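Participant: need a 3D model of the sequence below.
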Amino acid sequence: MAKKYYYYWNENPIKKETSDCVIRALVTATGESWDSIYNELCEIGFELKTIPNTKESWEALLIRKGFVRHSISNKKGSKRPTVLSFTKAHKEGTYILQVANHLTVCKEGAFYDLWDCGDKCLYSYWSK
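Facilitator: You can find the predicted model right below:
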């Protein structure tokens, strides 16, 4: 039997499928509640005078929580790794993955999201 790498996962407390990928990813990676992460992002957004789910806000939250950003180099002639290829190569640990206009989570060799974004190219990832 082939290993499953993608799992449908919705951390929204009322299972609403909405544009809350930033909150869902942070909840899944940290184990904190959806409400707690949402409130913290709102506080950061207020401090920075920006919207809570902007890159500026969620990066500030990740840094506060001790996560470290790792860039993905895009050397000429090479392809960026995909969410699926990254997941297959990272069988241990928890990572927040940034793709175009979306965040998802790789945890212990699988990724968790509302949709299968395995074919999306990785721009950076965060680890603790």
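
Participant: contacts only, for Leu48.
Facilitator: Counting by CB atoms under 8 Å, 6 or more residues apart in numbering, Leu48 touches 56-57, 60. Every residue, glycine included, has its C-beta placed from N, CA and C.

Participant: ah, wrong one, I meant Leu122
Facilitator: For Leu122, the set of contacting residues under the criterion of CB under 8 Å, 6+ apart consists of 72, 80-83, 86, 97-99.

Participant: now the residues you listed as JSON lines including pLDDT and neighbour count?
Facilitator: Conversion of the contacts of Leu122 to JSON lines gives the following (pLDDT from 0 to 100; neighbours: other CB atoms under 10 Å):
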{"residue": "Ile72", "pLDDT": "91", "neighbour count": "14"}
{"residue": "Arg80", "pLDDT": "91", "neighbour count": "15"}
{"residue": "Pro81", "pLDDT": "94", "neighbour count": "16"}
{"residue": "Thr82", "pLDDT": "97", "neighbour count": "17"}
{"residue": "Val83", "pLDDT": "98", "neighbour count": "26"}
{"residue": "Phe86", "pLDDT": "97", "neighbour count": "19"}
{"residue": "Leu97", "pLDDT": "98", "neighbour count": "27"}
{"residue": "Gln98", "pLDDT": "98", "neighbour count": "21"}
{"residue": "Val99", "pLDDT": "97", "neighbour count": "19"}
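
Participant: show me where this structure has strands.
Facilitator: Ranges of strands in the chain, per DSSP state E, are 6-8, 68-71, 94-99, 102-107, 110-113, 124-127.
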